[in-house]
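1. everything below, folded, please.
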Amino acid sequence: SAVLFTLTIYSQNWTSLGQGLNGWVSTLFVDTSTNFLYAGGGFDSSGPIKLNGVGFWDGVNWNPLGAGFNNVVSALVIYNGELFATGNFTHSDTSALNFIAKWNGTKWVNVGGGLNGNGLALFSFNGNLYAGGNFTSAGNQPCKYIAKWDGANWHPLDTNIVSTNSAYTLMSIGAFQNELVIGGNFIAEGTANNISILSNGIRQPLSSGLNSWVTSMRELNNELIVTGFFNRAGPEWTICIAKWNGNSWLPFPGPMSSLVECNTIINNNLVFGGYSNSFLNGSISSHCIANYNLTNQNWSGITTGMTNSVHGLATIGNTLYAAGSFDSAGTISAKNIAKIDATSLSVESTLSDLTVQLFPNPFTHNSILKFSNTTRDNCTLTIFDTQGRLVQTITNITTDRIEIDRNNLTNGLYFFQLVTDKKNIATGKLTIE
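-> Residues are numbered from 1 along each chain as shown. Purely as a prediction, here's the structure:
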């Protein structure tokens with residue numbers, strides 16, 4: 001039985017970036033040539049510095065980018081050495097921009113006539129810039145929810161997708177095995193839910209897709225890591241994070257219970273951010289943010305986390321940046337953005353000798369959970385349904401053998417966590433039928 005271990009890391013704390021930002025942050029992007037951190041969102045300023053939805057942190061201060069925008073910035077990216085922004089804006093000062101713009105070093109300028117609706121995602125890939133969102137045209141080209149910019153002109157992609165959420169249709173763009181991948185709230189010919197690969201401009205399903213929306217994706221170790229608000233990937237039950245290996249979906253076991261919105265990688269750790277109840281507090285006492293160590297396959301909290309949602313993550317060197325809709329991070333006051341030394345993500349213990357057995361599984365009346373290493377006093381077993389709701393708790397366990405009774409639980413899939421001293425020593429699935 002595969003085992004995950006959860007620790008909460010308190011050896012470092014978050015620090016603020018100047019006076020922070022006075023509104024929520026939707027996205028973070030790092031220019032690796034300068035190590036400047038760009039932020040976009042619904043903020044107006046940092047202290048006395050006017051920003052209007054977009055600005056950059058140079059390591060010491062916040063800096064404006066011209067007049068900014070008249071509405072929210074949802075995504076930022078560098079393409080051909082220039083910064084692009086998309087969102088729900090239509091102007092920068094008096095210049096009409098139509099939901100997407102390019103920074104020319106002194107002001108924001110039009111990009112081929114722009115889009116006719118809200119932009120949500122940007123991705124630079126194989127010499128082209130891809131924009132996704134809720135639009136149906138780009139420049140004078142009909143482009144349904146996604147468009148390709150080649151540096152001079154817009155081009156449509158034949159995705160043939162149907163929106164299932166008019167406000168958040170195409171939310172994420174990435175790549176896997178040198179093919180473009182799109183994710184969001186859509187169906188495509190009834191066969192691909194919320195995610196598709198575009199191979200040579202032709203849409204291909206990833207099995208039956210996911211049963212709810214996709215928010216971010218990342219190619220890692222020949223797998224595509226996908227986050228969102230789903231609990232099924234193809235035939236697999238998996239809450240809010242899943243893996244695609246090129247042929248099939250695989251679950252990503254862990255403490256997720258609600259929407260996971262973003263991810264980044266730093267020092268062989270995958271860091272995930274999400275809503276206030278994204279990670280179950282029974283195993284991680286870290287709100288809105290959690291860390292998965294790729295070497296030891298251990299989950300950990302990052303201090304006590306944030307007071308509210310994390311929408312964007314980024315890294316520069318050994319520093320992790322998190323941004324969203326919070327007013328404190330760990331024990332410090334931080335307006336919607338904060339940073340932490342990533343060396344604090346080192347795993348303190350692995351407990352690699354632990355073996356867990358659950359038999360029978362599936363079961364109808366009761367099952368026995370046994371962990372074979374030395375007896376652990378004062379263990380607690382918690383069981384959650386697929387919506388992250390606590391449905392059963394067994395406390396004061398002083399042996400290495402636990403009997404699980406179904407009691408009034410209905411048939412279906414559940415997740416268990418075995419905890420001692422507020423540290424999770426095992427997690428897994430159980431099925432009642």
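2. for stretch 252-259, give the mean pLDDT please.
-> The pLDDT scores in stretch 252-259 average 76.
3. start and end of it, how far apart?
-> Taking C-alpha to C-alpha, to the nearest Å, stretch 252-259 runs 14 Å from one end to the other.
4. what sits opposite the spatially most central residue of the chain in the beta ladder?
-> Closest residue to the average C-alpha location of the chain: Cys262 at 2.0 Å, with C-alpha atoms, centre = their mean. Taking DSSP bridges as the rule, Cys262 bridges to Gly273.
5. hmm, it is touching Tyr321, no?
-> No. With contact defined as C-beta atoms under 8 Å, Cys262 does not reach Tyr321; the gap is 11.2 Å. Every residue, glycine included, has its C-beta placed from N, CA and C.
6. mutual contacts of those two, please.
-> Residues touching both Cys262 and Tyr321 (C-beta atoms under 8 Å, 6 or more residues apart in numbering) are Leu313.
7. quick check on Gln268: phi, psi?
-> No, residue 268 isn't Gln; it's Asn. phi 60, psi 30 (degrees, to the nearest 10).
8. report the separation between it and Ile241.
-> Note on Asn268: its distance to Ile241, by C-beta to C-beta, to the nearest Å, is 17 Å.
9. look at those two and report which has more neighbours.
-> Ile241 (24 against 11; other C-beta atoms under 10 Å).
10. hang on, the more buried one packs against Leu259?
-> No. The pair Ile241 / Leu259 is not scored as a contact, 10.7 Å apart, by C-beta under 8 Å.
11. on that earlier part again, I'd like the distance between the residue nearest to the centre of the chain and Leu313.
-> Taken as C-beta to C-beta, the span from Cys262 to Leu313 is 5 Å.
12. with Gly305 instead?
-> Distance from Gly305 to Leu313, by C-beta to C-beta: 13 Å.
13. okay, the two: which has more neighbours?
-> Gly305 (27 against 23).
14. what pLDDT does the more buried one get?
-> Predicted confidence (pLDDT) for Gly305: 85.
15. show me what it is bridged to.
-> Applying DSSP bridges, one finds that Gly305 bridges with His287.
16. pretty sure Gly330 is one of the things it touches, is it not?
-> Yes. With contact defined as C-beta under 8 Å, Gly305 counts as touching Gly330 (7.4 Å).
17. next secondary structure after the helix or strand bottoming out on mean pLDDT in the chain?
-> Sorting the helices and strands of the chain by mean pLDDT, DSSP states H and E puts strand 5-9 at the bottom, at a mean of 37. Later in the chain than strand 5-9, the nearest helix or strand by DSSP states H and E is strand 15-16.
18. I'd like the average pLDDT over the following helix or strand past that next one.
-> Moving toward the C-terminus from strand 15-16, the next helix or strand (DSSP H and E) is strand 25-31. Summarised as a single mean, pLDDT over strand 25-31 is 98.
19. next: stretch 217-232.
-> pLDDT averaged over stretch 217-232 gives 94.
20. give the buried residues for it.
-> Buried residues in stretch 217-232, defined by neighbour count with 16 or more other C-beta atoms under 10 Å: Met217, Arg218, Glu223, Leu224, Ile225, Val226, Thr227, Gly228, Phe229, Phe230, Asn231, Arg232.
21. same check, this time on stretch 73-82
-> Applying 16+ other C-beta under 10 Å to stretch 73-82 flags Val73, Ser74, Ala75, Leu76, Val77, Ile78, Tyr79 as buried.
22. for these, which one is nearest Thr32?
-> Closest approach to Thr32 among the buried residues of stretch 73-82 (C-beta to C-beta): Ile78, at 8.5 Å.
23. partner residues bridging the closest one?
-> Leu83.
24. residues in contact with it?
-> Phe29, Asp31, Phe84, Ser124.
25. wait, which of the residues you listed is closest to Ile383?
-> Phe29 (40.0 Å).
26. give me the distance between the closest residue to that closest one other than its chain neighbours and Gln141.
-> Counting by C-beta to C-beta, 6 or more residues apart in numbering, Leu76 is the residue found nearest to Phe29 once chain neighbours are left out, at 4.1 Å. Per C-beta to C-beta, Leu76 is found 23 Å from Gln141.
27. now swap in Ser92 and tell me
-> Applying C-beta to C-beta, the value for Ser92 to Gln141 is 23 Å.
28. kindly report the same for Ala290.
-> From Ala290 to Gln141 the distance is 41 Å (C-beta to C-beta).
29. these two: who's more crowded?
-> Taking other C-beta under 10 Å, Ala290 and Gln141 do not tie; Ala290 has more neighbours (28 against 14).
30. how close does the more buried one get to Ile432?
-> Where Ile432 is concerned, Ala290 sits at a distance of 27 Å (C-beta to C-beta).
31. let me know the average pLDDT across stretch 236-243.
-> 90.
32. with stretch 71-90 instead?
-> 98.
33. gap between the two ends of that stretch?
-> Span of stretch 71-90 from end to end, C-alpha to C-alpha: 7 Å.
34. equivalent analysis for stretch 55-66, please.
-> 9 Å.
35. neighbouring contacts of it?
-> 17-19, 21, 31, 35-39, 46-47, 49-52, 54, 68, 83, 92-93, 103, 106-108.
36. those residues in strands, which ones?
-> Counted as lying in strands by DSSP state E, out of the contacts of stretch 55-66, are 31, 36-39, 46, 49-50, 54, 83, 92, 103, 108.
37. right, and Leu97 touches Gly112 too?
-> No. Judged on C-beta under 8 Å, Leu97 makes no contact with Gly112 at a distance of 11.1 Å.
38. so which of the two has more stuff around it?
-> Per other C-beta under 10 Å, whichever of Leu97 and Gly112 has more neighbours is Leu97, with 24 against 19.
39. leaving out the residues flanking it, which one is nearest to Pro205?
-> Ala192 is the one closest to Pro205 (C-beta to C-beta, 6+ apart), at 3.4 Å.
40. ok, the one you found - contacts?
-> Contacts of Ala192 (C-beta under 8 Å, 6+ apart): Arg203, Gln204, Pro205, Leu206, Ser208, Gly209.
41. perfect, that will be all.
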